[in-house]
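Q: turn this into a structure:
(one chain, ligands or ions: 2)
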Amino acid sequence: MKIAVASGKGGTGKTTVAVNLSAFSGLKLYDFDVEEPNARIFFSGEERDRPVYRPVPEVGENCNLCGVCKDVCQYNAVVVLKDRVIVFPEICHSCGACIYLCPEKAMKEVDRKIGRIVDVFVDNKNLLTYGELEIGEVSPVPVIKAMKKEMEKDAVIDCPPGVSCPMVESVKAADFVILVAEPTHFSFHDLKIAADVVRSLEKPFGVVINKYGLPFELEQRCEKEGLTVMGKIPFRKEFAEKYSRGMLFEELREEFESIHDAVRELV
Ligand code: SF4
Ligand code: SF4
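A: Ligands and ions are numbered 1, 2, ... in the order given. Next comes the predicted model:
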């Protein structure tokens, strides 16, 4: 079973929930937040990495400067000048259209390194795998896709924040989605958007409230919206301190175990 931990808004405690759920359920953790993979602060162990590549076009000698490649590129990644063609690999989406449609067959695919996948071993056990996007790369999705290909069947996924392509790509891999929200107007607003996205993907889901106790009736609002609250993490200074030191919330072990049990029953 794969459980994705997501949130509409960044900074709601998504990584906190993902790391603790992984630790107390025994499911391996995957950090798909490849633009800012911070689950690793909870693990100190040996790291082994491998590169992730994606194909981008390269122009060869047969080019007659006809401009077809520029016209077909939907991402403006190709510019045709008077004497040469320039491809901007950072914004190329690797669709292959320009290579396929070049009348002179002057383009070929070359591999471009866009990130890496890192396994973290603690006591010889691979407890965490995280992805890391190269600086300057525009889309994290190819790194996430590469991670998905080699995922184990039981896992907790720390998703990227927001509700755009990286979050959707991550959530698609899951059997169940936990949406993390905090008791604020802003977070509730984004929670509803995230819930709509997860519904549209036809994934079962529930809500975990972080910083429970802040003066905002999030639980009641979730009820009104038909959102099931599966767990609560109290608002306490010690939890902020533990997070900043990369420590688990041992005192909430039972809470996370019961969230895991609830997910198993629902799936
Ligand atoms: S489509 Fe092919 S031949 Fe035409 S400009 Fe592009 S690379 Fe050159
Ligand atoms: S592969 Fe697709 S996105 Fe990349 S330059 Fe060619 S047409 Fe544009």
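
Q: report the closest residue of the stretch 101-250 of the chain relative to ligand 1.
A: In the stretch 101-250 of the chain, no residue comes nearer to ligand 1 than residue 102, which is 3.3 Å away by Cβ to the nearest ligand atom. Backbone N, C-alpha and C define where each C-beta goes, glycine included.

Q: burial count for that residue?
A: 22 (other Cβ atoms under 10 Å).

Q: and if you look at residue 257?
A: There are 14 residues near residue 257, going by other Cβ under 10 Å.

Q: swap in the one 10 residues further on?
A: When counting by other Cβ under 10 Å, one arrives at 12 neighbours for residue 267.

Q: that one contacts residue 2, correct?
A: No: using Cβ atoms under 8 Å, residue 267 makes no contact with residue 2, being 9.4 Å away.

Q: that older thread, the residue of the stretch 101-250 of the chain closest to ligand 1 touches residue 68, doesn't it?
A: Yes: shown here, residue 102 and residue 68 form a contact pair, counting by Cβ under 8 Å, at 6.2 Å.

Q: returning to what we had before: ok, for the residue of the stretch 101-250 of the chain closest to ligand 1, nearest residue in space, not its chain neighbours?
A: residue 69 (5.8 Å; Cβ to Cβ, 6 or more residues apart in numbering).

Q: show me which residues of the helix or strand hosting the one you found are buried.
A: Here residue 69, judged by DSSP states H and E, is contained in helix 68-72. Neighbour counts using 16 or more other Cβ atoms under 10 Å place 68-70 of helix 68-72 among the buried residues.

Q: strands of the stretch 151-267 of the chain, start to end?
A: 155-158, 176-181, 205-212, 229-234 (DSSP state E, counting those that start in this stretch).
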